[in-house]
Every structure is written in C-alpha cells, then in structure tokens.
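**Q** need a structure here:
(one chain, ligands or ions: 3)
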Amino acid sequence: MKALTYHSAKDVRVETVPDPVLQDEQDIILRITATAICGSDLHIYRGKIPGMKSGDILGHEFMGVVEDVGPGVTKVRRGDRVVVPFTIACGDCFFCTHTLFSACENTNPGRGAILNKKNVRSGAGMFGYSHLYGGYAGGQAEFVRVPKANVGPVVIPAGLADEKVLFLSDILPTGYQAVVNGRVGPGSSVAIFGAGPVGLMAAASARLLGAEKIFMVDHHAYRLAFAQQAYDIIPINFDEVDDPAELIIEQTDFRGVDASIDAVGFEAKGSALETVLTDLKLEGSSGKALRQAIAATRRGGVVSVPGVYAGFIHGFLFGDAFEKGLSFASGQTHTQRFMPELLEKILEGQLHPEIIITHRLSLEEAVRGYQIFEKKQEDCRKVVLTPGRSDSVLEASA
Ligand SMILES: NC(=O)c1ccc[n+]([C@@H]2O[C@H](COP(=O)([O-])OP(=O)(O)OC[C@H]3O[C@@H](n4cnc5c(N)ncnc54)[C@H](O)[C@@H]3O)[C@@H](O)[C@H]2O)c1
Ligand SMILES: [Zn+2]
Ligand SMILES: [Zn+2]
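**A** Numbering: from 1, shown residues only. Ligands and ions are numbered 1, 2, ... in the order given. Now for the predicted structure:
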C-alpha cells in the first residue's frame, strides 16, 4: 500500500510499504477514506519529537471502512464506516474506567514523554506518534491496523460526508475538551491563543457552550479573519499588538478572562531567547503562549492547555498563577469520551467542523500538504488527504 513515511526533519515521503495485518484479536484493518494533517504532525515534521524511526508511518486523524476484523471484535463489523480516535485505549484499566482514555495504562509499550518518570506507567499509545507512544503505524496511508477496536472506533450513520465527521478523530474533541476544562459556559469570557485548527475548534466549542466574549490571538491575519467571520471572535494579531494579554485585560474591566486556552504549545513564537535556548537544548519549550495565557486570565480562572508541551520551561511564572489562584488543565485529549456527544451535535447541525478545511489533496500529494500547512502558505487552515485507490487489496483476508 501507499503511506506517508517519516525519514528525518522536513523529509517525509509517500512510499510503498507492506499492508498492515491483524495482530491481536481486538484489531481491525481499516481502509482509509479520509485522513488529515494535524498541528501535532508538524512537531514531528520539524524533527522536534524524539523516538521517530526512518520509515515510520505518520497520521492520527483518520476514518474509513472496516476491511477485516479480529475474532474478539464485537462493536464493529466488516463494511462499517468508522472514525477512529487518535489515542488508543483498552477500556478496562483504572484510567479508562474513569474516562481518562488518553491515560490508558495498557496500550503504550513505549516510554512516554515524562522526564521525571520514576516508575509511573506510560499513558495511552497513539497512532503515528513515535516510539515513545508505542510506535503504532499511522493512518496517512491506504490501510491501517486499529487495535482495541471495541473501545475506539465510532460508527458513522450513512449519508454523512467524510469531512463532516473526520475531525471527531482529534481536533474537534480536543477543542471541546479544552473549553470544557476551561469551565466555559453561558456568558463566559475566553482568550484562545493560536488560530490553528485546534484554536478554531475551541472557538466553535466555546460558541456552542454559550461563551459571550472570545478573544483570539495569532499572527496569521488570514486565520484570524476566518475565525472572526465563522465564530465572531475578537482578533488580536501579535505582530501588531506587542502584549495581547495587556489588551485583553483592558477589555475585560481590568480583570482578565474567565478562561484562557493555549492552543499553540511548545513551539510558540515570540521569544527569541527561548527559541535560541531551545535550539541549544538548554530549554525544553517556548513558554510564550503559556505566559500570555497566565497573564490574560482573571483571578480564580482557568488556563486550559491543549497545545502540546514537552520537557521543562524556565520562564514559567508559577508565582503569578498562585497569586491569581489559577487552575490548570492540560494533556492529550480523552477523545473516546467526547466523540458520541459531538457526533450528535454534528447530526443536529450545531457543529460544522468541516468549514475549516482549505486543502483537499490526494494521499500522493501529502508531501506538498505538509509543506503548505507548515509554512502557512495558500492561506492554509487544514489539509485533508484522500487515498486515491478505493478498491480493496486485502480481499485475501476477507
Ligand atoms: N492535546 C491534544 O490532544 C492535542 C490534539 C491535537 C493538537 N494538539 C496540539 O495543539 C497545538 C495546535 O495545533 P494546530 O493543529 O492548531 O496547529 P497549527 O500549527 O496549525 O496552529 C498553531 C497556531 O499557533 C500560532 N502561534 C504561534 N505562536 C503563537 C503565540 N505566541 N501566540 C499565539 N499564537 C501563536 C501559529 O501562528 C498557528 O496559527 C499543537 O501544539 C498540537 O500539537 C494537541
Ligand atoms: Zn492531532
Ligand atoms: Zn485503559
């Protein structure tokens, strides 16, 4: 089959690789019909995620048709059309039974990314996200093996186009979890840092939950303009406004917002010092967006962090957070928890995540998709890839 493989920083390729096979009784083989490139893939693409091996297949946002099932699979059948959550969860462990699926203790044989790990078990495995997260082959491919198929995949009713539901795999639950964690509700004020796909899904979710005032900070004017038109956000361009948090405070009666959402993560732009120190490996992350989020949030408010962080940040103003009595929430999304309710919202016409798509490419064009998305060219917001070949090559196993 064809798949998008990683080789080194900025070197990904569409190659012919062996087809996946069933390995465990709860596995399914999925024929991919749509798959997307995530901002998290860009961390890998830029060579910032350790534990990658040459030839690893990327991709964790995908859906398709069940092609083959293991003997222990009871929840889906051959021929079902399903969306698959990016985190792999067993459904039975301590964390899964508390609906903390991304903390599943049974699906990641890798080390995970905690620096001060001691004996703690690794959290959930993830598709296409390095050997730290289990080394599972990803779904930017024609086929993928999906483990724990009784827990993850959600069957999609006939008649809904792929692109309406594809983002249930990651960014829609991620944006939604971020605002739920931010305790956003009717009348809330929110500041969202980052107007990428995750920030946009957070804005859509904040609107859904009744937020009143939504600030959005980025420096890509085209992304802010889209968010303003689609979700009625108040745009703040940090190329023009030196200190967005200061402006947000002035516009919230000198208190700050109820919740800030950091949808940027550890590659945040804006601190030349941190960028240099990070390149020298003296700093783990850029804390720019996180510091802005802490500064923009009112006393007693929440800083909710869906953006990915790795390692340490020296300039983390925890004293300010303490003084303001802030709460923090973060982490990989417990995708399985939110997929059913968000599918309902899509069916009811309350959410239209597909409106953020700007680029529809074939899988063969995936390398160009990475380049455009990474460089924010052609006003790119989100790239969806469609494998060109629709006929099955796995009939032998049927
Ligand atoms: N927690 C999860 O489970 C989860 C799931 C999906 C994505 N993510 C993470 O969410 C983050 C965003 O993903 P995305 O797909 O939207 O990526 P993206 O790269 O398209 O968007 C990030 C945006 O942040 C902006 N930005 C950079 N520095 C900034 C700053 N200092 N202040 C404000 N904005 C700034 C960029 O201009 C860009 O528009 C990534 O870190 C990604 O890994 C996490
Ligand atoms: Zn993702
Ligand atoms: Zn589990």
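**Q** so which bits of the stretch 51-200 of the chain are right by ligand 3?
**A** Contact residues, the stretch 51-200 of the chain versus ligand 3 (CB under 5 Å from the ion): 89, 90, 93, 96, 104, 106. C-betas here are computed from N, CA, C, even on glycine.
**Q** could you redo the last one with a cut-off of 6 Å?
**A** 89, 90, 92, 93, 95, 96, 104, 105, 106 (CB under 6 Å from the ion).
**Q** didn't the last one look like it was pressed against residue 92?
**A** Yes. Counting by CB atoms under 8 Å, residue 106 does reach residue 92; the two are 7.3 Å apart.
**Q** which one of those two has more residues nearby?
**A** Ranked by neighbour count (other CB atoms under 10 Å), residue 106 and residue 92 place residue 106 first, with 19 against 14.
**Q** next one, pLDDT for the more buried one please.
**A** Looking at residue 106, its pLDDT reads 98.
**Q** how about it: what's its closest non-neighbour residue?
**A** The shortest distance from residue 106 to any residue other than its chain neighbours is 4.0 Å, reached at residue 90 (CB to CB, 6 or more residues apart in numbering).
**Q** same question, residue 37
**A** Leaving aside its chain neighbours, residue 37 sits nearest to residue 383 (4.6 Å; criterion: CB to CB, 6+ apart).
**Q** so what's that neighbour bridging to?
**A** Under DSSP bridges, the beta-bridge partners of residue 383 are residue 359.
**Q** my read is that it contacts residue 362, right?
**A** No. Using CB under 8 Å, residue 383 is not in contact with residue 362, being 11.2 Å away.
**Q** how about stretch 116-126, does it reach ligand 1?
**A** No. Using CB under 6 Å from any ligand atom, stretch 116-126 stays clear of ligand 1, coming no nearer than 8.9 Å.
**Q** compute the first-to-last residue distance for that stretch.
**A** Counting by CA to CA, to the nearest Å, the length from the leading to the trailing residue of stretch 116-126 is 21 Å.
**Q** which parts of it are buried?
**A** By 16 or more other CB atoms under 10 Å, the buried positions in stretch 116-126 come out as 122, 123, 124, 125, 126.
**Q** of those residues, closest to ligand 2?
**A** Nearest to ligand 2, judged by CB to the ion, of these is residue 126 at 8.6 Å.
**Q** element containing the closest one, please.
**A** If you go by DSSP states H and E, residue 126 is part of strand 125-126.
**Q** which helix or strand lies directly C-terminal to that strand?
**A** Trace forward from strand 125-126 with DSSP H and E and the next one is strand 143-146.
**Q** what's the next helix or strand after that next one in contact with?
**A** Downstream of strand 143-146, the next assigned helix or strand under DSSP H and E is strand 154-155. Identification of contacts with strand 154-155 by CB atoms under 8 Å, 6 or more residues apart in numbering yields 76, 80, 81, 82, 83, 85, 168, 339, 340, 343.
**Q** most surrounded residue in these?
**A** Busiest of these [other CB under 10 Å] is residue 85, holding 30 neighbours.
**Q** A helix includes residue 267, no?
**A** No. Going by DSSP: H, G, I helix; E, B strand; the rest coil, the assignment for residue 267 is coil, not a helix.
**Q** tell me how far it lies from ligand 2.
**A** To ligand 2, residue 267 is 14 Å away according to CB to the ion, to the nearest Å.
**Q** now residue 335
**A** From residue 335 over to ligand 2 the distance is 10 Å, taken as CB to the ion.
**Q** pretty sure that residue sits against residue 87.
**A** Yes. Between residue 335 and residue 87 there is a contact at 5.4 Å, judged by CB under 8 Å.
**Q** contact partners for the closest residue to ligand 2 within the stretch 151-300 of the chain?
**A** In the stretch 151-300 of the chain, the residue that lies nearest ligand 2 is residue 170 (4.0 Å; CB to the ion). Applying CB under 8 Å, 6+ apart, we find residue 170 in contact with 36, 38, 40, 60, 61, 85, 86, 333, 335.
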